[in-house]
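*Asks:* For reference, the sequence and a predicted model appear below.
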Amino acid sequence: METEKNYNLIPTYGNSFRTGWKVMFDNFLRLLLVVFVLALLTAPLKMFELKLEPSDFHGQLDKWSDIWEYDMGKIVTLGTLGMVAAFAGLLALAYTFLAIPVVSYGGNMIFVQAVRRIKPEFDLLIRGFRENYLHIVLSNLLLFALIVLGCFALIIPGIIIACRLVFVPYIVMDKKLDPIEAVELSWKLTKGYGWRIFAMGLTSVFIMIFGLILFIVGIFPAIMWISSSFASLYQSVLLASEKPAEIIAA
């Protein structure tokens, strides 16, 4: 029986956003801090962006013939810049696939805790580096690969895969399953909910745009609302999937 303490979790489009709104305001400062920290942790990617302008070479590239006239100074300079750019790219790639998923998955779980009326544990943002790290990284790589492959197949399959595997980050953190099991469970849980998830994703785009319009700072509440809504959907679908087993056991 639903108690006054718990949220009314029903796996529908409208209820997910309504519950997400309540969750956001019930935990506003905590969730705002989570979103802000996630923004800071993903900001280092900007450090690896290397943009070269023609003016940086002070006209050295105006005459390519100079390079072929054994001007070793220019060749070394270009080679060094190329190596720096390649190294920066490798660092950005490593950070994207080896670090960001850990804090991102942890952030998702914090929102699930808020939906469950559990005091959010900020330790979850880095706990993945100590626990379940390999599963998080491999799950993210598998998810990325499946969506990309699906997008290559005329886009629509990629959208379908993205919708059906939207729960993978939650499952990996919540159930501690390996990548294959997490993908399989997400595919099973989202059966019959694909269109709702797609509608929520589409709506989220407009919420983000509206948040940006509100003097940019509105993006933080927008992200909080969206994250809370998807966490609400995950928890409600999870509860709905467990009800038949509970009835049979009774």
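*Replies:* Nice, thanks for sending it over.

*Asks:* Let me see the ranges of the helices in this protein.
*Replies:* Assigned by DSSP state H, the chain shows helices spanning 13-26, 28-42, 72-98, 100-115, 124-127, 133-152, 156-164, 168-175, 179-189, 194-213, 219-249.

*Asks:* Quickly, which of those helices bottoms out on average pLDDT?
*Replies:* Across the helices of the chain, helix 72-98 has the smallest mean pLDDT, namely a mean of 74.

*Asks:* Counting by contacts, list what that helix packs against.
*Replies:* helix 133-152 (3 or more Cβ pairs under 8 Å, 6 or more residues apart in numbering; DSSP states H and E). All C-beta spots, glycine's among them, are computed from the backbone N, C-alpha and C.

*Asks:* by how many degrees do the helix it packs on and helix 100-115 diverge?
*Replies:* Here the directions of helix 133-152 and helix 100-115 differ by 100 degrees (axes from the mean of the first three to the mean of the last three Cα atoms, to 10 degrees).

*Asks:* Tell me how many other residues crowd residue 211.
*Replies:* Using other Cβ atoms under 10 Å, residue 211 has 20 neighbouring residues.

*Asks:* From residue 175, how far out is it?
*Replies:* 31 Å (Cβ to Cβ, to the nearest Å).

*Asks:* The nearest residue to residue 21 once chain neighbours are set aside: what's it in contact with?
*Replies:* Using Cβ to Cβ, 6 or more residues apart in numbering and skipping residues adjacent in sequence, the residue nearest residue 21 is residue 225, 6.1 Å away. By Cβ atoms under 8 Å, 6 or more residues apart in numbering, the residues touching residue 225 are 17, 20, 21, 24, 207.

*Asks:* same deal with residue 172?
*Replies:* 105, 132, 135, 136, 139, 179, 182.

*Asks:* hang on, the earlier thing: buried ones only from the contacts of residue 225, please, as a PyMOL command.
*Replies:* Per 16 or more other Cβ atoms under 10 Å, the buried members of the contacts of residue 225 correspond to this PyMOL selection:
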select buried, resi 17+20+24+207
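
*Asks:* any idea which of the contacts of residue 225 is closest to residue 242?
*Replies:* residue 20 (20.9 Å; Cβ to Cβ).
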